[in-house]
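K.L.:
for reference, the sequence and a predicted model appear below.
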Amino acid sequence: MFRNFKMVSKVIFGRGCFAQLGDILREKRQGNESVMVFLVDDVFKDKPLKDRLPLGADDMLIWVNVDDEPKTTYVDQLTLDVKNHMAAKQDALPCGVIGIGGGSTMDLSKAVALMLTNDGSSADYQGWDLIKKPAVYHAAVPTLSGTGAEVSRTTVLTGPEKKLGLNSDHTVFDQIVLDPEMIADAPNPQRFYTGMDCYIHCVESLTGTYLNSFSQAYGEKSMQLCQDVFLNDFEDADDKLMMASYCGGMSIAYSQVGICHALSYGLAFVLGLHHGIGNCVAFDVLEDYYPEGVDEFRQMMDRGSIQLPRNLTSGLTDAQMNQMIDVSLVLEPLWENALGKDWKTIMTRDKIRELYLKM
Ligand code: NAD
Ligand code: ZN
């Protein structure tokens with residue numbers, strides 16, 4: 001069976017295009033008292049961006065905190081806040097949810113848009129195609145590039161039992177606003193870590209057994225853009241990084257990530273390590289599996305003077321180590337993509353433990 005996958009319906013790209021967000025949303029507003037919900041990363045609370053948001057009189061602005069990666073409990077709370085806000089209005093639902101921030105904020109906005117129309121807790125929908133009802137209109141403005149969350153059909157959430165996305169066609173954004181000026185002030189090493197998420201998407205997609213021409217076309221372009229950004233000096237590096245993220249996301253949409261991501265999910269669940277940095281920590285020990293990619297990644301680290309944290313796992317208890325291994329093993333398609341159908345005979349618990357102990 002071939003996957004018939006949904007893509008983002010509308011894309012605007014270019015320096016300064018954020019200024020058009022108000023016009024774009026006007027088409028989606030219904031009536032004078034329509035409510036748009038803006039979920040904006042609270043890193044911008046005291047920044048000029050605050051005064052550039054196209055807020056209507058009845059709109060709801062929520063500053064979201066992403067010090068921790070999105071949890072199902074946070075999504076449920078935000079959804080309740082929006083429902084309470086709407087209770088005072090004629091309409092039960094807002095006419096849109098707009099996420100402005102990095103992968104975490106984009107994921108929160110996708111999840112809230114879904115949970116406004118689907119009953120229960122977001123934890124009930126962690127998995128594949130469990131969401132049954134369409135979300136309210138949702139749009140994103142990335143302020144960090146690399147995750148590909150702007151194009152993906154998932155929103156990655158940490159729940160009571162697992163870190164797993166709400167994967168569905170309804171998750172995909174209706175609109176994305178790709179303005180390279182929005183990522184211009186993203187500081188290092190965060191910019192590097194999130195950028196490397198994209199680079200690693202490409203390595204894992206391009207070396208995986210699920211590879212096909214669709215994924216290869218996007219993956220090769222994305223990888224070349226990452227090389228331009230992190231190994232050369234281009235004036236339009238932000239434009240390139242933004243398109244690398246988009247193409248990297250498109251590449252894995254029709255293939256899969258691999259070993260690094262499987263290990264990184266374990267690091268996130270047990271140590272709370274964020275996705276970008278967790279991927280870098282994991283990738284750095286994977287030279288046996290991705291020799292060329294790891295070599296080039298190290299050149300990029302040198303060039304960016306990036307120092308990774310070390311000795312992260314030596315103090316873990318057996319129970320914690322086992323939980324980390326369990327979380328990574330849940331991600332069967334990732335292992336299969338990396339190592340083929342017989343991956344279980346190749347990647348034993350002991351081998352995974354060995355890799356974790358190097359980090
Ligand atoms: P992030 O959104 O977690 O943000 C990292 C830090 O950078 C935060 O402190 C944030 O406040 C700050 N920040 C964001 N934009 C900034 C800017 N322009 N200037 C200054 N600071 C800024 O980082 P990320 O790497 O983009 O996203 C990681 C998240 O994305 C994880 O939760 C991960 O699970 C998720 N993810 C989702 C997908 C998907 O397809 N849905 C794919 C990969 C990762
Ligand atoms: Zn990733």
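P.N.:
Okay, I see it. Predicted, not measured: the structure shown is a model, and the values here were computed from it. Ligands and ions are numbered 1, 2, ... in the order given.
K.L.:
a strand runs through W63, doesn't it?
P.N.:
Yes: applying DSSP: H, G, I helix; E, B strand; the rest coil, one finds W63 inside a strand.
K.L.:
just say helix, strand or coil for V177.
P.N.:
strand.
K.L.:
same deal with the one 5 residues further on?
P.N.:
Under three-state DSSP, the three-state class of M182 is helix.
K.L.:
so what's the residue count around the nearest residue to it once chain neighbours are set aside?
P.N.:
Distances taken as Cβ to Cβ, 6 or more residues apart in numbering put T143 closest to M182, at 4.9 Å, once the chain neighbours are dropped. For every residue, glycine as well, the C-beta is placed using N, CA and C. T143 is flanked by 25 other residues according to other Cβ atoms under 10 Å.
K.L.:
next up, the contacts around T143.
P.N.:
Listed by Cβ atoms under 8 Å, 6 or more residues apart in numbering, the contact partners of T143 are 41, 44, 100-102, 105, 182-183, 186.
K.L.:
and ligand 1, which of those contact it?
P.N.:
Filtering those for neighbours of ligand 1 using Cβ under 6 Å from any ligand atom leaves 41, 101-102, 105, 183, 186.
K.L.:
and the nearest residue to V66 once chain neighbours are set aside, how many neighbours?
P.N.:
In space, and not counting its chain neighbours, V66 is closest to S104: 3.7 Å by Cβ to Cβ, 6+ apart. The number of residues packed around S104, counting by other Cβ under 10 Å, is 25.
K.L.:
near ligand 1, which residues of the stretch 101-250 of the chain show up?
P.N.:
Residues of the stretch 101-250 of the chain lying close to ligand 1 by Cβ under 6 Å from any ligand atom are 101-105, 107, 143-144, 146-149, 152, 154-156, 183, 185-187, 190, 194, 197.
K.L.:
quick check: buried residues in the strand or helix carrying M300?
P.N.:
Using DSSP states H and E, the element containing M300 is helix 291-303. Going by neighbour count (16 or more other Cβ atoms under 10 Å), the buried part of helix 291-303 is 293-294, 296-297, 300-301.
K.L.:
which other helices and strands contact it?
P.N.:
With contacts taken as 3 or more Cβ pairs under 8 Å, 6 or more residues apart in numbering; DSSP states H and E, helix 291-303 sits against helix 190-206, helix 213-231, helix 275-283.
K.L.:
okay but L157 is in contact with V75, surely?
P.N.:
Yes: assessed by Cβ atoms under 8 Å, L157 is found in contact with V75 at 6.3 Å.
K.L.:
joint contacts of those two?
P.N.:
Jointly contacting L157 and V75 under the rule Cβ under 8 Å, 6+ apart are 111, 122.
K.L.:
give me every residue that touches the closest residue to V257 other than its chain neighbours.
P.N.:
The shortest distance from V257 to any non-neighbouring residue, by Cβ to Cβ, 6+ apart, is to E204 (4.5 Å). Applying Cβ under 8 Å, 6+ apart, we find E204 in contact with 252, 256-261, 290, 334, 337-338.
K.L.:
so which of those residues sit within helices?
P.N.:
Using DSSP state H, 252, 259-261, 334, 337-338 are the members of the contacts of E204 that sit in helices.
K.L.:
possible to save those residues as CSV with pLDDT, distance to ligand 1 and neighbour count?
P.N.:
Formatted as CSV, the ones in helices among the contacts of E204 follow (pLDDT from 0 to 100; distance: Cβ to the nearest ligand atom, whole Å; neighbours: other Cβ atoms under 10 Å):
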residue, pLDDT, distance to ligand 1, neighbour count
I252, 95, 8, 26
I259, 98, 16, 29
C260, 98, 12, 31
H261, 97, 8, 24
L334, 96, 13, 25
N337, 98, 15, 25
A338, 98, 17, 25
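K.L.:
can you say which two of these are spatially most distant?
P.N.:
Farthest apart among those by Cβ to Cβ are I252 and I259. That separation is 13.9 Å.
K.L.:
can you give the domain ranges for this structure?
P.N.:
10-183, 190-357 (automatic domain parsing).
K.L.:
can you redo these as JSON lines with distance to F2?
P.N.:
Conversion of the domains of the chain to JSON lines gives the following (distance: least, Cβ to Cβ, whole Å):
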{"stretch": "domain 10-183", "distance to F2": "15"}
{"stretch": "domain 190-357", "distance to F2": "9"}
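K.L.:
wait, which of those domains is closest to N4?
P.N.:
Nearest of the domains of the chain (Cβ to Cβ): domain 10-183, 9.0 Å.
K.L.:
how about I12, phi and psi?
P.N.:
phi -120, psi 140 (degrees, to the nearest 10).
K.L.:
OK, contacts around it?
P.N.:
By Cβ under 8 Å, 6+ apart, the contact list for I12 reads 20, 24, 175-178.
K.L.:
could you do M359 as well?
P.N.:
Counting by Cβ under 8 Å, 6+ apart, M359 makes contact with 267, 281-282, 284-285, 310, 312-313.
K.L.:
switch the cut-off to 7 Å
P.N.:
Counting by Cβ atoms under 7 Å, 6 or more residues apart in numbering, M359 touches 281-282, 285, 312-313.
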